[in-house]
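# fold the stuff below for me.
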Amino acid sequence: MRPSFFIEVWFSPALGFDIQNAKATIYGSGSNPTSYISLHDVAQFAVGALDNPASRNSIVELGGPDALSQLEVVKMFEELAGRSFDRQFVSEKDLEARKAAAANPLELTFADLMLAAARGDKIDMTETMQKFSFKPKSIREYTRTLVNAPR
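Okay, here's the model as predicted:
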């Protein structure tokens, strides 16, 4: 399995997305689409794929049902939360500089991930959803859960 970017990670305070304080760090221009997926959906897929012959000796790209840009997701959160988010952009140039300056493998890994997030990761899930009877949660469903979560 090759899952795309996990919703729970990329839209969390750990990576600069703070719902409670309405702040969002945007990597790159924020306009490249990504098929964000929930880690719970990946776990569900893994269990379901165990008995599915289509999973044998294959690599399965996994993403959510929608490919949305970071800016589209922030806008979705703003609409559901009823308030604007302060957006901080980190340019691809700055991300490339972070990567070049990485002093250890962990820093390099995070720099690569942020650069990849800036460039997007659009996955067509049509065939996978048919072969595996798999329906991942949409980013809108996830945003509703977070916005309505008790604080």
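# show me what contacts residue 142?
By C-beta atoms under 8 Å, 6 or more residues apart in numbering, the contact set of residue 142 is 7, 11, 36, 38. To be clear about C-beta, it is placed using only N, CA and C from the backbone, and glycine gets the same treatment.
# show me what counts as buried in stretch 76-83.
For stretch 76-83, the neighbour count (16 or more other C-beta atoms under 10 Å) marks 76, 77, 78, 81 as buried.
# my read: the second one touches residue 140, true?
No. Checked against C-beta atoms under 8 Å, the pair residue 77 and residue 140 is beyond contact range at 10.1 Å.
# which of the buried residues of stretch 76-83 fall within helices?
Judged by DSSP state H, the subset of the buried residues of stretch 76-83 located in helices is 76, 77, 78, 81.
# let me have the residues you listed in JSON lines, extended by distance to residue 62.
Formatted as JSON lines, these follow (distance: C-beta to C-beta, whole Å):
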{"residue": "76", "distance to residue 62": "21"}
{"residue": "77", "distance to residue 62": "23"}
{"residue": "78", "distance to residue 62": "27"}
{"residue": "81", "distance to residue 62": "28"}
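# let me know the closest of those residues to residue 15.
residue 77 (14.0 Å; C-beta to C-beta).
# which residue packs closest to the closest one, ignoring adjacent ones?
Leaving aside its chain neighbours, residue 77 sits nearest to residue 143 (5.4 Å; criterion: C-beta to C-beta, 6 or more residues apart in numbering).
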